[in-house]
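Enquirer: Everything below, folded, please.
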Amino acid sequence: MLWGSRRAKAPIAPRAPTARRTRPVTTIYLDNAATTPVAPAVRTAMAPFLEAEFGNPSTRYALGVRAAEAIDRARELVARAVGARAREVTFTSGGTEANNLAVLGLARQRGFHRSRRRNQLVIGPTEHPSVRASAFALRDEGFEVREARLLPDGGLDLEAFEELLTEDTVLVAQMLVNNEVGSVYPVSELARIVRRSAPNAALHVDAVQGLGKLELSIEELGADTLAISAHKVHAPKGTGALVTRGKVDLRPLVFGGGQESGRRPGTENVAGIVAFGEAARLADTGREEGVRAMAAARDAFVRGLERVPGARLLIDGSPVVPSICAIALAGAPAEVWLHHLEARGVCASAGSACNAGKKELSPVALALGLTPDEARRVMRFSFAAATTVAEAERAAALLAELATELEAVQS
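Expert: Coordinates of the predicted model:
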């Protein structure tokens, strides 16, 4: 009898076996922009800090000192991957918190300065929800938020961007790589415009999808702050970083101890930070080889789309990372395609994982000029260095088969 129960319940009879047993389907994972599997070397690096090396890094005995030293090593590795100094890296719980800390922290520090009402924010047209929501939350605090726009080919309209900037602009937020369509934006060129037209503004860059795909240098980008995330580069979820250039001052979101130089207090996730350090090292040193592998898989997938009636690339011509391929399909909404693809062993997505479960249309798709109906038929396939050409070809072939089946059902 279970503790606290009055009467023992009758055991549940075992379910009769089904007459037909389905064969297991081999998974082709093409949603690496959402998250990535943990690399074996990363798992090995973090394992001691989940077991014997469990010390709190704020303590001064040996167990804690070793944890603090491990964080310092990880900070060096993460800094090296983005061309920064170790002291410029603040560890967070992920890319979302890093973006929140930058947008809210910079705006609150710089806004309503002295006798002047410097209270304007300008954000890119395709920003991640963590940037957009943070910016819009500042409206309740008296800030003005303005959005830039895209060119017809999906590139960033720099002239229109410059028209939005004034001396009262305190923050500009523009992502480096779009998480839904893979566009690479000219951030370094934008940085020069910001310095010229908004001298009181800080520039924040969401580079979450750029780590491991592009050569990153916060100095060369001209950014004041840079957000990156561990689970996009084969480390576990739950760790990210905000990188600051020079003596950037921002207000913390969390208050408590003095960890992370007071910018992000709280006992550090030692195992996650160690994992991030190793993953950042692998992403940096293996970037060229990884990019070649991702490009080969993406190219094979794009060639296979020629057999999918009505399929077209969402971004064709402007720079994109080799890890992301966004397509617009004909007929059924993306959710229908996803359901049938999963049954065939293919994991992909409809836009950003951070928008999953929401009914509203993707702001990115709308910014690209798609109609609401077209926006509902956008799918994203994203590749890792371990994705094979054969897997990409198989996924495209399954899309072609599915297109024929869906067309037959609808006719």
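
Enquirer: how about the helices of the stretch 251-400 of the chain, start to end?
Expert: 270-285, 287-304, 334-343, 363-367, 372-375, 389-410 (DSSP state H, counting those that start in this stretch).

Enquirer: Please indicate which of those has the most neighbours on average?
Expert: With neighbours defined as mean count of other C-beta atoms under 10 Å, those peak in mean count at helix 270-285, which reaches a mean of 25. The way it works is simple: take the backbone N, C-alpha and C, and place the C-beta from them, glycine included.

Enquirer: I'd like to check the angle between that helix and helix 287-304, please.
Expert: Counting by axes from the mean of the first three to the mean of the last three C-alpha atoms, to 10 degrees, helix 270-285 lies at 80 degrees to helix 287-304.

Enquirer: Please name every helix or strand in contact with helix 270-285.
Expert: Judged by 3 or more C-beta pairs under 8 Å, 6 or more residues apart in numbering; DSSP states H and E, helix 270-285 is in contact with helix 40-46, helix 62-81.

Enquirer: any idea how far the helix or strand bottoming out on mean pLDDT in the chain is from the chain center?
Expert: Least confident helix or strand of the chain, by mean pLDDT, DSSP states H and E, is helix 363-367 with a mean of 89. Chain-centre distance of helix 363-367: 17 Å, with C-alpha atoms, centre = their mean, to the nearest Å.

Enquirer: pLDDT weak spots in the stretch 101-250 of the chain?
Expert: Applying pLDDT under 70 to the stretch 101-250 of the chain picks out residues 113-117.

Enquirer: where along it do the helices fall?
Expert: 129-137, 158-164, 187-197, 218-221.

Enquirer: most tightly surrounded among those helices?
Expert: For those, the highest mean count by mean count of other C-beta under 10 Å goes to helix 129-137, at a mean of 19.

Enquirer: ok, Arg87 - contacts?
Expert: Arg87 is in contact with Ser261, counting by C-beta atoms under 8 Å, 6 or more residues apart in numbering.

Enquirer: So for it, what's the pLDDT?
Expert: pLDDT, Arg87: 96.

Enquirer: Now do the SS call for it.
Expert: When classified by DSSP: H, G, I helix; E, B strand; the rest coil, Arg87 comes out as helix.

Enquirer: Tell me the spacing between it and Val248.
Expert: According to C-beta to C-beta, to the nearest Å, Arg87 and Val248 sit 12 Å apart.

Enquirer: same thing with Arg80?
Expert: From Arg80 to Val248 the distance is 19 Å (C-beta to C-beta).

Enquirer: do Leu101 as well
Expert: In terms of C-beta to C-beta, Leu101 sits 11 Å off from Val248.

Enquirer: now Ala408
Expert: Here the criterion is C-beta to C-beta. By it, Ala408 lies 58 Å from Val248.

Enquirer: what does Pro40 give?
Expert: 36 Å.

Enquirer: With distance to Glu219 added, can I get the helices of the stretch 251-400 of the chain in TSV?
Expert: Putting those into TSV (distance: least, C-beta to C-beta, whole Å) gives the following:
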stretch	distance to Glu219
helix 270-285	15
helix 287-304	18
helix 334-343	39
helix 363-367	28
helix 372-375	37
helix 389-410	35
